[in-house]
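Engineer: quick one: sequence plus predicted model below, questions after.
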Amino acid sequence: MEVTNALWKAVKLKRLSKEDSQEALKTLGDTTIALYELDWPQTSEVLDIAFKLDIAIYDAAYVFLSDKISAQFITSDTKLYEKAKGQFRVLHLKDYV
């Protein structure tokens, strides 16, 4: 639903046409995406990260998961990058492209 919400918002902000949002969703539907379900102890770790870094739970979940699967976390959110960079493998999108 997060992706669908982002597409909906992009259409509302006139950054994307309704047709393009439908096509993007269709294309994503053909993509293999790994889903991860967090258990209660892991959710507790996410909450700890959110408090420690003073970030939203969703952001903390992304940081937590990237750490657990040993993947570098890439973000365009400068505030999140600044808060997480000293403790997690995080890269700002501007430095990636």
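Structural biologist: Cool, the structure landed. Numbering: from 1, shown residues only.

Engineer: rest of the way, CA atoms for contacts and neighbours
Structural biologist: Noted.

Engineer: this protein: helices as residue ranges?
Structural biologist: For the chain, helices defined by DSSP state H occupy the ranges 2-12, 18-29, 40-53, 57-68, 78-84, 93-96.

Engineer: any idea how the protein splits into domains?
Structural biologist: 1-32, 40-96 (automatic domain parsing).

Engineer: would you turn those into a markdown table with mean neighbour count and mean pLDDT?
Structural biologist: Below are the domains of the chain laid out as a markdown table (neighbours: other C-alpha atoms under 10 Å; pLDDT from 0 to 100):
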| stretch | mean neighbour count | mean pLDDT |
| --- | --- | --- |
| domain 1-32 | 12 | 91 |
| domain 40-96 | 15 | 95 |
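
Engineer: relative to residue 8, how far out is residue 93?
Structural biologist: 23 Å (C-alpha to C-alpha, to the nearest Å).

Engineer: I should have written residue 40 there, sorry.
Structural biologist: 31 Å.

Engineer: residue 23 now?
Structural biologist: Counting by C-alpha to C-alpha, the gap from residue 23 to residue 8 is 12 Å.

Engineer: what residues are up against the residue positioned nearest the centre of the chain?
Structural biologist: For the chain, the residue nearest the mean C-alpha position is residue 62 (5.2 Å; C-alpha atoms, centre = their mean). Neighbouring residues of residue 62 by C-alpha atoms under 8 Å, 6 or more residues apart in numbering: residue 73.
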